[in-house]
Structure formats: structure tokens, C-alpha cells
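Visitor: Sequence isn't available, so here's the structure alone:
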């Protein structure tokens, strides 16, 4: 009779294992269904091809360069860049490498989420169901950018810090994983840093310093390498996006517009982000809640981005992690009803990622210069629309560069440099008018008529002619810009151990060179 002891809810203890097995069957089924949704929505954006061009040049012996005649860190995510190298060595295809690596990372992230939610299978199943309705999560689980790897690391770090069998266990592993997060997207450490510092605070003196130093050594080594090789510790995109000279109040106003766009374009993702924050506060996980708030504030502070939902997808995912790790233990029916309600919110989006696919290219641009990137690019790069080959798709950007190359022009200004740079080949030198891949342009002030995320600069007179001639003669007309480029060129174009190069690196990072031409 022991196995049939009545429970408070009227069921028997013998039925508990059956309910648990049924719940975990639902978790597995919904996890696979969510992964199918991600596959169905898989696509690539133009910016992803910026990184893959560096990978292509590296694989073919040109070094970690975007334009092969200068050393500029055009990618924002060193760890993601290295993760793409093996696939590219095997396939030689940008499409195969970017999509397959993204899908592997997305699957791993889902596995880690399920693992974190083991004590709460019903809640985990509901979260998986609801995530299918989040446009931001589904779309940026691929796209060719680093978000899928970022999701993996967050799913490993957050449970490690907030769920621990021993409160005194030092979070050295979490510190190491946060170092990898830094190398995946440097500013993303904002999300976990308050929680990590709180866990480390009481244990700092209890552990040998070399243990903590070893945990952060990958970041230290990379920053040292980047400073030596590229002449700057941080990606060139950081200088292009943060050193533009746009008034802060304009950026903050645009940042709030970005939040508003997120609420209208991804109501299901908004529910996860807010739900995770509220639950963290209710559970008195103040440092975790602080990290979520700080990330949202950071997004507003920098003016958001032009990619709708991308900068807030980490909040959606972290909210899901908080729910599966600290959420209430609901019965299966109630949990699934909550998950279905969040999924239903996804239908309120103008273009749900899980419901249909764009059949023709549209602008995808709102009144506030925030773009539905998948809607814009899917007809050219969607996994289920085009064959999985490396042929150059029909798109005006690479076509313009290929036509110019055929005419004998190998140096040209350009705005959208991802597709154009990769398909144009290593011999084409593109002068990026947004400064993402050009060290000089990144350090010039942006025009007053700007778009979030990409800040347009005017190409200095004589700069293209200087690059095209290749004779070492500086033809830039503006005196201040000409003097600045003479010193910058020693860093990014001269031999690594050229006399005076280290002095110029110090000037570029610690001296007056930080502020650009004056």
C-alpha cells in the first residue's frame, strides 16, 4: 500500500514517476520543435560576412585581416571568429560555415537550458514553448552573428552562479566562462558582472591569485595580442560606434525608440525579458536583476541598434534562464497554459519568425531607422529558399563591387561591406564609410544625419587615391587628417617590429591619437 499512498492533490505517489516521464517527454518534444523553428527561420545578414571575409583571408594565408594590406580587427567577436575557422577549412563555404556553426551553437544552448531546468520540467517545457514566439530569440539564434554562442555561455554562466549546492564554492569556472563571454561579445559581460562580482567578493582572499589569473588569462592574452597585432586592444567597430561625436541626448532618445520597437516587434520576447527581471527581484536576486537593468540601460545609452531586437535578445534568453532555474514549480497544465499564452503573443508581431517566411525583399525599416533584418535579407540568404551552395546570390551590393573589379577598380568607398567584401575577393580594398572595417574612418566624426549602429563618415579627399596608388605617398588633403594617417599607417600597415611602431601604438591608445584627427 505504500506505493499507493494518497497525495494532497488526490493522486498517488506511484503516479509521480509517470508524470515526470511525461513532462520530460514534453520537454524533449518541445525542445526539438523549437529547434525546427530555428532551422526554418535560419538566415544570414550582411554583417556576418564581415567576419567570414577575415576568416577567408586567414585560411588563405593573408593573416587575420579584412583588407589584406592593413591590420584592422573588423570583427567584434574573437571567439566566434575562431569558432568559424574549422567549418570554413572543411567546407570553404561562407553559407555552410555560418549557418551550420550557428545551428550547432543554438542546439547546444537549448541543451544547456534544459539541463538548467531539470528540477522544473513543467516550467522548462512552458519556456521552450514560449520561446518559439520570440522573434528576437528565434531570428538571432542564426543570422551568422555571435548570438547563438552568447546564448550558450549565458546558459552555462547564470545557472552556475545562482544555483549552487555549496554557497562557498568559488565560481572560478563561472569567471572563466565570463572571460569567454567577453571574447564573444565584450560588452555582454554587463549582464552577469554584478552577480559574478558578488559571488567573488567573499572568496577573493580564500583562493590563490594564480587561479583567478588563469581564469581571466584568455582575455588578457587576446587584448595583448590585439594591441600588438592591430595596434588597438578593442575591435575597430568599438571605435566606429562609440567615437562618433553624436550628442548623448540624441543617442538616448534613439535608445528609447529601440526599446519601443522591441515591445511592438517582439511582444513574446518582451514578456520573457520583463518576466525574468520581475522574478529575479521577487527571489531577491538583486545582483542578477541589476545586470539585466544595466544591460537595458546600456542599450539605451548607446542609442540601440539598427537591427530590430538584436541587442535585447540576450535579455530574452536570460529571462528564460531565470524562469527555468528559479521559477515556481507549477503543475504541467498551468505551466503549458502560460507557455501557450506567451507563444500567442508572438502572433502580435508584424512578422513572426515562426509563422511564414518573407518571400520578397522589403525595406523592413521603421520610422525610427530600426530594421527588421531577417525580412530584408531572407529572400537572398534564407536557408530554406536557396540551395546550400557558395554561389554569389543576386544582390546589388556584391554585384556593384564585382562590376567595378571587372573594370579594373580595386579600391572604392562602400557602405554595406559584408557581402561586397567577401564576394569581391581579397584583392578588392573597400573603404568602409561607416568605419567598421577602416581604422581611419572609424576615428573621424560622424555626420549629423546618422542611423543607429552605423554612423556614416565622409571619406577624406585624397584617401582613396592614397590607397589606390600604393606607392606610400600620402595624398590626403586635410593637413590634420594627413598627419594622423601617417602615424596610423605605421601601426596598421608597417612591419610589426618596425622602428617606432610601438611608440605610435602608445600614442594611438594613450596619447592624443585617441581622439582622432584634430
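Guide: Yep, that arrived. None of the values given here were measured: they were computed from a predicted structure.

Visitor: the domain parsing of the protein - what is it?
Guide: The chain breaks down into these domains under automatic domain parsing: 37-205+241-348, 396-515.

Visitor: Next, format those domains as TSV and append distance to residue 227, mean pLDDT and mean neighbour count.
Guide: For glycine as for every other residue, the C-beta is placed from the backbone atoms N, C-alpha and C. As requested, these are arranged in TSV below (distance: least, Cβ to Cβ, whole Å; pLDDT from 0 to 100; neighbours: other Cβ atoms under 10 Å):
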stretch	distance to residue 227	mean pLDDT	mean neighbour count
domain 37-205+241-348	10	93	21
domain 396-515	7	92	18
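
Visitor: Export these to TSV and append columns for distance to residue 384.
Guide: Formatted as TSV, those follow (distance: least, Cβ to Cβ, whole Å):
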stretch	distance to residue 384
domain 37-205+241-348	6
domain 396-515	20
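
Visitor: Out of those, the one nearest residue 382 is which?
Guide: Nearest of the domains of the chain to residue 382, taken as Cβ to Cβ: domain 37-205+241-348 at 4.9 Å.

Visitor: ok so, going back, what's the closest of the domains of the chain to residue 369?
Guide: Closest of the domains of the chain to residue 369 is domain 396-515, at 4.6 Å (criterion: Cβ to Cβ).

Visitor: Endpoints of the closest one, how far apart?
Guide: 35 Å (Cα to Cα, to the nearest Å).

Visitor: show me what contacts residue 197?
Guide: Contacts of residue 197 were listed using Cβ atoms under 8 Å, 6 or more residues apart in numbering, and they are residue 287.

Visitor: what's the helix or strand for it?
Guide: Element membership of residue 197, judged by DSSP states H and E, is helix 189-201.

Visitor: Against residue 454, how distant is residue 186?
Guide: Residue 186 sits 19 Å away from residue 454, going by Cβ to Cβ, to the nearest Å.

Visitor: wait, residue 436
Guide: Per Cβ to Cβ, residue 436 is found 7 Å from residue 454.

Visitor: Then residue 466?
Guide: As judged by Cβ to Cβ, residue 466 and residue 454 stand 24 Å apart.

Visitor: check contacts around residue 128.
Guide: The neighbours of residue 128, taking Cβ under 8 Å, 6+ apart as the test, are 27, 30, 31, 33, 34, 110, 113, 114, 339.

Visitor: make it 10 Å
Guide: Residues near residue 128 by Cβ atoms under 10 Å, 6 or more residues apart in numbering: 26-35, 110, 113-114, 117, 320, 324, 339, 343.

Visitor: same thing with residue 230?
Guide: Residue 230 is in contact with 64, 65, 70, 71, 72, 73, 74, 236, 439, 491, 492, 505, counting by Cβ under 10 Å, 6+ apart.

Visitor: How about residue 107?
Guide: 31, 32, 34, 35, 38, 39, 141, 148, 152.

Visitor: For it, pull up the helix or strand it's in.
Guide: Using DSSP H and E, residue 107 sits in helix 94-116.

Visitor: Show the subsequent helix or strand relative to that helix.
Guide: Using DSSP H and E, the helix or strand that follows helix 94-116 in sequence is helix 121-131.

Visitor: between that next one and helix 94-116, how big is the angle?
Guide: Per axes from the mean of the first three to the mean of the last three Cα atoms, to 10 degrees, the angle that helix 121-131 makes with helix 94-116 is 150 degrees.

Visitor: starting at the chain centroid, how far to helix 121-131?
Guide: Between the centre of helix 121-131 and the centre of its chain there are 24 Å (Cα atoms, centre = their mean, to the nearest Å).

Visitor: Tell me which other helices or strands whatever helix or strand comes next after it touches.
Guide: Next along the chain after helix 121-131, taking DSSP H and E as the criterion, comes helix 135-139. Helix 135-139 sits against helix 15-41, helix 94-116, helix 121-131, helix 147-162, helix 248-265, helix 267-282, helix 313-326, helix 373-381, with contacts defined as 3 or more Cβ pairs under 10 Å, 6 or more residues apart in numbering; DSSP states H and E.

Visitor: before we move on, the earlier item: tell me the one among the contacts of residue 107 nearest to residue 123.
Guide: For those, the nearest to residue 123 is residue 31 (13.5 Å; Cβ to Cβ).

Visitor: Was I right to think that closest one contacts residue 124?
Guide: Yes: using Cβ atoms under 10 Å, residue 31 is in contact with residue 124, at 8.6 Å.

Visitor: Which residues are in contact with each of these two?
Guide: What both residue 31 and residue 124 touch, as defined by Cβ under 10 Å, 6+ apart, is the set 113, 114.

Visitor: how about the helices in the stretch 401-518 of the chain?
Guide: Assigned helices in the stretch 401-518 of the chain, in chain order: 417-424, 439-442, 463-469, 479-492, 501-510 (criterion: DSSP state H, counting those that start in this stretch).

Visitor: which one of these lies closest to residue 518?
Guide: Nearest to residue 518 among these is helix 479-492 (5.7 Å), distances taken as Cβ to Cβ.

Visitor: what about that closest one, distance to the chain center?
Guide: 31 Å.

Visitor: what angle do it and helix 501-510 make?
Guide: For helix 479-492 against helix 501-510, the angle by the same axes, to 10 degrees is 120 degrees.

Visitor: elements contacting helix 479-492?
Guide: helix 439-442, helix 463-469, helix 501-510.

Visitor: Could I get the ones you listed in CSV, plus columns for distance to residue 51?
Guide: Shown next, in CSV, are those (distance: least, Cβ to Cβ, whole Å):
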stretch, distance to residue 51
helix 439-442, 17
helix 463-469, 22
helix 501-510, 23
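
Visitor: so which of those helices gets nearest residue 419?
Guide: helix 439-442 (19.0 Å).

Visitor: tell me the angle the helix holding residue 107 makes with helix 373-381.
Guide: Using the same axes, to 10 degrees: helix 94-116 against helix 373-381 is 130 degrees.

Visitor: Give the intersection of the neighbour lists for residue 436 and residue 454.
Guide: 47, 237, 240, 241, 415.

Visitor: hmm, back to that, need the helices of the stretch 401-518 of the chain in TSV (columns: distance to residue 85).
Guide: Formatted as TSV, the helices of the stretch 401-518 of the chain follow (distance: least, Cβ to Cβ, whole Å):
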stretch	distance to residue 85
helix 417-424	15
helix 439-442	23
helix 463-469	28
helix 479-492	22
helix 501-510	26
